[in-house]
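Peer 1: Task: produce atomic coordinates for the following.
(one chain, ligands or ions: 1)
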Amino acid sequence: MSEPILVAVAWPYANAEIHVGNLTGSYLPADIFSRYQRLKGRKVLMVSGSDSHGTPITVRADAENITPIEVYHRFHEGFLELFQSLGLTYDVFTSTHTENHFNVSQKIFLALNKNGFLYQESQEQWYSTSQNRFLPDRYVEGTCYICGYENARSDQCDKCGNLLEAGKLIDPKSKIDGSTPELRETTHFFLDLSKLEPQIAIFLKERESYWRQNVLRQSLGQIQSDGLRGRPITRDLDWGIPVPLEDQTGKCLYVWFEAVIGYLSAAIEYGLITKDSDAWKEWWTNKDSKSYYFIGKDNIPFHAIIWPAELLGLSTTFDEMMGSENPSPLVLPYDVPANEFMNLEGQKISGSRNWAVYGRDFLSRYDPDPLRYYLTVSMPETRDSDWDWDEFYHRNNDELVATWGNLANRVLSFAYKHWEGVVPDPGPLSELDVSLLATIESGFETVGKEIEAVHLRSALQEVVRLASEVNKYLDQTAPWTAIKTHKQNAARAIFTAMKAIDSLKTLFAPFIPFTSEKLNKFLGYSDNLFGTQSVIIEQDNLGEHTVLRYHPETGKGEWKPSKLKPGMTFNKPEPLFKKLDQSIVEEERTRLGK
Ligand SMILES: [Zn+2]
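Peer 2: The predicted structure is shown next:
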């Protein structure tokens, strides 16, 4: 029952504010999944961090005339603030600019080199004659030679999702000054994907029965069309992790290669922070461990093909380099539940056009649970979805407030008033009472199954359906009128409803933890369902870096039906959610500039 679960979450580039599309794409589903697994009593490690190298950071630093490290720090601090206020419970949210991550990434490079999965080759790379330097792929944009999309980066097309060969880009332009770059020869290390292809094919085959269709299509598609080809893993750059070999001055590890290593290095950092240096092995060399990668569809090739290829190529060499006496291979991804994209009011979200709803800005006006709720019911699990302010308003008022919040508040207020804060004694339960409780309790099975399959939309829909069953039950039993004529009948109905609400509190908890925690207190429990979060400061040879931590110790919640008993005391409730005024729809659309 306590198998270790690694929850690996996409690393945000520390060069832009996080918007609702990012949240619903990977960060929020990862948190819902982690909270559920913790309630189930499993050993969860949820890791991620700021991707602080990549050229998006140097592009912004150049534009603002500041250093890349200043850019990374500014956005990283914003991420930590957002994740705490939205309750995203990373066990470790760190960054790629740490000594530990440098060490781990360099070891991976050396291990792959030792095992014969790297080779050197000279290739043509875009060179800017106006700047006298090689341009990183993201500095060059042009037309995709596969699908014709006009704003493709020279290494990847965001429209069709394919990885691109730089030299084939049509009509290339430098993002710095708009000039046309030229191709020049430079020598780089390549990951030998063709040599690893047979192992990758087996890896994918073993997961074919349960992976999402979009993920399988993109990954199997690449193998079946023309096979895998080597990919460069070094670049001519000065901001990043140096290639750990002599005569490689001016070359760094390519950001995509080292950023995915972050899932491993963050687990190792967890061990360093908790003073248990072998802790990472629980999730990385233990065969019972399962790892889930929460990412957006633009990252599928990196997580379904290239990262597994790196892990397969390591064999037992990395663990050996970490000093293990019985070195093991590293655990391969169990699932990669990649989401599609969320649009905004019918148009693609765009930071550069400022067409976005940003997490921190949203939370300056609204509570976190309504955001978590709306982003879950409209999560782009199988197709693109849309953020629509009118729908947000309706989902809040008609579902969160009307179906769930009012139910909890009405029953608890009524019980508090008529039984003075003591759970009433129901006497013998009727068939209807027993049947309602059985229905609600079955949710621990049905909702749990959906979450384990990472079908979070249908999981939450099922919880809401169960809540409406309690509303139907109250319509039938009408304790509000029975109280005047048959107080015992009212006691029975209220006891049953309270027990159902107590169970629903737990079923809702992974999705809307803040209000579930509040309700837990109203119901008279002194323990918390979940643990706490804090930011710590770590110091190493690269300087200081801040890490968001989750401390599970004080979380006592369990994925189990209510144990509420007559005679237990409870507290005066308050409304869980705010009803929104319809005027917010126009206000928010105006704010967007619509
Ligand atoms: Zn394309």
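
Peer 1: how about the nearest residue to the closest residue to the ion within the stretch 251-400 of the chain, chain neighbours excluded?
Peer 2: In the stretch 251-400 of the chain, the residue found nearest to the ion is D298; the distance is 11.4 Å by C-beta to the ion. The way it works is simple: take the backbone N, C-alpha and C, and place the C-beta from them, glycine included. Counting by C-beta to C-beta, 6 or more residues apart in numbering, D298 lies nearest to D158, which is 5.7 Å off, once chain neighbours are set aside.

Peer 1: secondary structure element for that neighbour?
Peer 2: Assigned by DSSP states H and E, D158 falls within no helix or strand.

Peer 1: Is it correct that it is in contact with Y149?
Peer 2: Yes - counting by C-beta atoms under 8 Å, D158 touches Y149, with 7.4 Å between them.

Peer 1: ok, L196 touching L228?
Peer 2: Yes - taking C-beta under 8 Å as the definition, L196 is a contact partner of L228 at 7.3 Å.

Peer 1: Show me which of the two is the more surrounded one.
Peer 2: Neighbour count, other C-beta atoms under 10 Å: between L196 and L228, L196 has more, with 23 against 20.

Peer 1: if I pick the residue lying closest to that one once chain neighbours are set aside, what's in contact with it?
Peer 2: Spatial nearest neighbour of L196, excluding adjacent residues (C-beta to C-beta, 6+ apart): A309 at 4.4 Å. Shown in contact with A309 (C-beta atoms under 8 Å, 6 or more residues apart in numbering): 191, 193, 196, 199-200, 228.

Peer 1: again, only this time at 7 Å
Peer 2: 191, 193, 196, 200 (C-beta atoms under 7 Å, 6 or more residues apart in numbering).

Peer 1: And for T187?
Peer 2: Here T187 is in contact with 120, 122 (C-beta under 7 Å, 6+ apart).

Peer 1: Roughly how far does the residue nearest to D298 sit from the ion?
Peer 2: For D158, the distance to the ion equals 8 Å [C-beta to the ion, to the nearest Å].

Peer 1: quick one: that residue from A415, how far?
Peer 2: Using C-beta to C-beta, to the nearest Å, D158 is found at 54 Å from A415.

Peer 1: With neighbour numbers in mind, choose between the two.
Peer 2: A415 (24 against 15).

Peer 1: my read: the more buried one touches T496, true?
Peer 2: No - A415 lies out of contact with T496 (C-beta atoms under 7 Å); the separation is 11.3 Å.

Peer 1: Please state the backbone phi and psi of the nearest residue to F190 once chain neighbours are set aside?
Peer 2: Excluding the flanking residues, the one nearest F190 by C-beta to C-beta, 6+ apart is G230, at 3.8 Å. With angles defined as degrees, to the nearest 10, G230 shows backbone torsions of phi -60, psi 150.

Peer 1: when you give positions from now on, start the count at 205
Peer 2: Taking 205 as the first residue, the last one we looked at is G434.

Peer 1: I figured G434 was touching D396, is that so?
Peer 2: Yes - judged on C-beta under 7 Å, G434 makes contact with D396 at a distance of 5.3 Å.

Peer 1: Tell me the residues that contact both of these two, please.
Peer 2: Y323.

Peer 1: helix/strand/coil for E328?
Peer 2: strand (DSSP: H, G, I helix; E, B strand; the rest coil).

Peer 1: Find the residue ranges of this protein scoring beneath the pLDDT cut-off.
Peer 2: 205 (pLDDT under 70).

Peer 1: got the residues of it near the ion?
Peer 2: Counting by C-beta under 5 Å from the ion, the chain comes close to the ion at 348, 350-351, 353, 361, 363-364.

Peer 1: Give me the most central residue, the chain.
Peer 2: For the chain, the residue nearest the mean C-alpha position is Y231 (2.4 Å; C-alpha atoms, centre = their mean).

Peer 1: That one contacts L292, doesn't it?
Peer 2: Yes - contact criterion C-beta under 7 Å: Y231 and L292 qualify, at 5.6 Å.

Peer 1: Which strand or helix spans F297?
Peer 2: With DSSP H and E as the criterion, F297 is inside strand 296-299.

Peer 1: how about E792, secondary structure?
Peer 2: E792 ends up helix, using three-state DSSP.

Peer 1: Leaving out the residues flanking it, which one is nearest to it?
Peer 2: W593 is the one closest to E792 (C-beta to C-beta, 6+ apart), at 4.6 Å.

Peer 1: all strands in the stretch 555-704 of the chain, in order from the N-terminus.
Peer 2: 589-591 (DSSP state E, counting those that start in this stretch).

Peer 1: Okay, helices next: where are they in it?
Peer 2: Secondary structure of the stretch 555-704 of the chain (DSSP state H, counting those that start in this stretch): helices at 563-567, 572-581, 593-598, 610-623, 635-656, 660-681, 683-689, 691-712.
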